[in-house]
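> Just the structure for this:
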Amino acid sequence: MSLTATFLAHLRGLDSELAGVAGMLHDVASFESGDPTDHGRRGAERAGDILRESGHFTEAEITIIQSAIAHHSDKASVHGPFEELLKDADVLQHYLYNPQLEAHPRHGERRRQLVTELLDSPRPI
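Modelled structure (predicted):
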């Protein structure tokens, strides 16, 4: 999902590196534990540890990434630009993985809006 998040960040004029890292780590808690329960919150904590250990990110950047990860499963609510980007990247990635799968009821409208955004984007793709 990292590339999908990076692509959307480019289209929206957001920091693609932060978006790509958030996309890469968004499900880290599920992958490490095998348990998807509350994986956004747990993943945000784990991502913070990983990013601090790397020494390549400021606390402000870590906070942005953690918030996006913490909220990426809450598709019904509206949050900040990076949170919404990660939600949209998640929905788009699921669609690209298998377009024949029916969208989750909470994802359908978000996916429709995202497709419209992509088709109408003034930025070069």
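
> Find the residue at the geometric middle of this structure.
By Cα atoms, centre = their mean, the chain has its centre lying nearest to Leu86, at 2.0 Å.

> so where's this structure shaky on pLDDT?
Applying pLDDT under 70 to the chain flags the ranges 103, 123-125.

> any idea how far the residue nearest to the centre of the chain is from Ala70?
Distance of Leu86 to Ala70, computed by Cβ to Cβ, to the nearest Å: 10 Å. All C-beta atoms are positioned from the backbone trio N, CA, C, and that covers glycine.

> same question, Arg110
Arg110 is 18 Å from Ala70, by Cβ to Cβ.

> For the two, indicate the residue with more neighbours.
Ala70 (23 against 19; other Cβ atoms under 10 Å).

> can I assume that one is in contact with Arg41?
Yes: if you go by Cβ atoms under 8 Å, Ala70 and Arg41 touch, sitting 5.4 Å apart.

> Tell me which residues touch the residue nearest to the centre of the chain, please.
Leu86 sits next to Ala5, Ala19, Ala22, Gly23, His26, Ala68, Ile69, His71, His72 when contact means Cβ atoms under 8 Å, 6 or more residues apart in numbering.

> now with 6 Å?
Ala22, Ala68, His72 (Cβ atoms under 6 Å, 6 or more residues apart in numbering).

> what's the spacing between stretch 2-20 and its chain's center?
9 Å (Cα atoms, centre = their mean, to the nearest Å).

> Output that stretch as CSV - backbone C-alpha positions only.
C-alpha atoms of stretch 2-20 as CSV (Å, rounded to 0.1, in the frame of the first residue of the first chain):
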residue,chain,number,x,y,z
SER,A,2,3.0,2.3,0.3
LEU,A,3,3.0,3.0,-3.5
THR,A,4,-0.7,3.8,-3.5
ALA,A,5,-0.3,6.2,-0.6
THR,A,6,2.7,7.8,-2.3
PHE,A,7,0.7,8.2,-5.5
LEU,A,8,-2.2,9.9,-3.7
ALA,A,9,0.1,12.2,-1.8
HIS,A,10,1.6,13.3,-5.1
LEU,A,11,-1.8,14.1,-6.5
ARG,A,12,-2.9,15.9,-3.3
GLY,A,13,0.3,17.9,-2.9
LEU,A,14,1.2,16.2,0.4
ASP,A,15,4.6,14.8,1.5
SER,A,16,5.0,11.6,-0.4
GLU,A,17,7.7,10.2,1.8
LEU,A,18,5.5,10.5,4.9
ALA,A,19,2.6,9.0,3.1
GLY,A,20,4.7,6.1,1.8
